[in-house]
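Asks: missing the sequence, but the structure's below:
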């Protein structure tokens, strides 16, 4: 069972990823791909407000969606986007194997 702290951290990581790709690709396409992830709710500014299931699975889903468009080159960009949150909360979040 996840605590509220973990849920907030997952939202922070998801938001960082989506906002990074908004800067790279523009709002329309970045949001369209991220919103393909089942249960993910994203505001127009890229802020993730909710997701269903495990947070790391939602993160993996977003990464896979962006990879379908841009390829595996997005992995280092994604890692840099999540690093600040991971440094603040090193033991509070599980990341998908794509980012480990």
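Replies: That came in fine, so what should we check first? Since the model is a prediction, treat every value here as computed from it, not as a measurement. Residues are numbered from 1 along each chain as shown.
Asks: Nearest spatial neighbour of the spatially most central residue of the chain, chain-adjacent residues omitted?
Replies: With distances taken as Cα atoms, centre = their mean, the chain has residue 14 as the residue nearest its mean C-alpha position (2.8 Å). Nearest residue to residue 14 in three dimensions, chain neighbours excluded: residue 48, at 4.0 Å (Cβ to Cβ, 6 or more residues apart in numbering). C-beta here means a position set from N, CA and C on the backbone, and glycine is covered the same way.
Asks: measure the residue nearest to the centre of the chain to residue 20 for me?
Replies: Distance from residue 14 to residue 20, counting by Cβ to Cβ, to the nearest Å: 11 Å.
Asks: So which residues of this protein form helices?
Replies: Assigned helices in the chain, in chain order: 4-25, 27-34, 55-70, 74-88 (criterion: DSSP state H).
Asks: For residue 90, report the pLDDT, please.
Replies: As summarised for this prediction, residue 90 has a pLDDT of 81.
Asks: Adjust the sequence numbering to begin at 50 for everything that follows.
Replies: Renumbered: residue one is now 50, and that last one reads residue 139.
Asks: List the contacts of it.
Replies: Shown in contact with residue 139 (Cβ atoms under 8 Å, 6 or more residues apart in numbering): no residues.
Asks: Hmm, residue 106 and residue 86 touching each other?
Replies: No. Here residue 86 does not reach residue 106: they are 9.0 Å apart, not a contact under Cβ atoms under 8 Å.
Asks: Who has more neighbours out of these two?
Replies: Ranked by neighbour count (other Cβ atoms under 10 Å), residue 86 and residue 106 place residue 86 first, with 23 against 17.
Asks: Confidence-wise, which of the helices of the chain is weakest overall?
Replies: helix 53-74 (a mean of 88).
Asks: Next, the buried residues of that helix.
Replies: Buried residues in helix 53-74, counting neighbours by 16 or more other Cβ atoms under 10 Å, are found at 55, 58-71, 74.
Asks: For it, name the packing helices and strands.
Replies: In terms of contacts (3 or more Cβ pairs under 8 Å, 6 or more residues apart in numbering; DSSP states H and E), helix 53-74 is packed against helix 76-83, strand 97-99, helix 104-119, helix 123-137.
Asks: Let me know which of those is tucked in deepest.
Replies: Across the helices and strands packed on helix 53-74, averaging neighbours per residue (mean count of other Cβ atoms under 10 Å) puts helix 104-119 on top, at a mean of 19.
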